[in-house]
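S.K.: 3D model of this:
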Amino acid sequence: MFALPRNVADAVEGMRGGSVLLRVPLRDDVIQVGTADSLTTATIEVHTAATAVSVRRTDGKPLQAQIVHRRADGGEKLRTVFSEPVARLRLRRLRNLTGPPLWVVTDGVDGVDPAGLAQLVQTIVCFGVAKQRRNGSGPAARPA
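M.R.: Presented below is the predicted three-dimensional model:
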């Protein structure tokens with residue numbers, strides 16, 4: 001299990017229950033986070049419930065992501081998130097007796113890049129919340 005940083009967990013708390021579809025840029029069938037290039041796309045489904053979030057590609061292919069960092073010389077440095085592609089990214093909400101709830105990634109965390117995983121989740125949540133708001137469904141309160 002991998003606990004998400006507090007700021008990312010707080011962002012996950014802002015997701016409303018239900019499903020939202022997001023288009024994501026791909027390079028070599030890998031999701032690109034932070035790219036400015038025009039690339040082919042795939043669709044991911046983000047399903048949110050009170051105590052869980054799951055993310056999967058709608059085409060059934062496994063999920064892999066790279067974080068794109070632009071260098072000063074205009075080149076790119078790519079950081080792969082998962083050591084192996086995962087069928088689904090699963091988050092689970094856990095009670096925290098001493099503070100706010102914890103959100104943990106439950107599958108595919110062996111050999112994961114922690115900073116890259118946090119950035120991937122934060123990006124998905126940011127775009128998911130924005131799409132929910134455009135569709136008229138704002139954040140919902142979650143049980144403590």
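S.K.: Need the three-state assignment for the nearest residue to Arg71 once chain neighbours are set aside.
M.R.: In space, and not counting its chain neighbours, Arg71 is closest to Lys77: 6.1 Å by C-beta to C-beta, 6 or more residues apart in numbering. Every residue, glycine included, has its C-beta placed from N, CA and C. Per DSSP: H, G, I helix; E, B strand; the rest coil, the secondary structure class of Lys77 is strand.
S.K.: Could you check the pLDDT of Lys77?
M.R.: On pLDDT, Lys77 comes in at 90.
S.K.: which residues in this structure form helices?
M.R.: Listed in chain order, the helices of the chain (DSSP state H) span 6-13, 114-134.
S.K.: And the average pLDDT for stretch 6-20 is what?
M.R.: On average, stretch 6-20 scores 92.
S.K.: which parts of that stretch are buried?
M.R.: By neighbour count with 16 or more other C-beta atoms under 10 Å, stretch 6-20 contains the buried residues Val8, Ala9, Ala11, Val12, Glu13, Gly14, Met15, Arg16, Val20.
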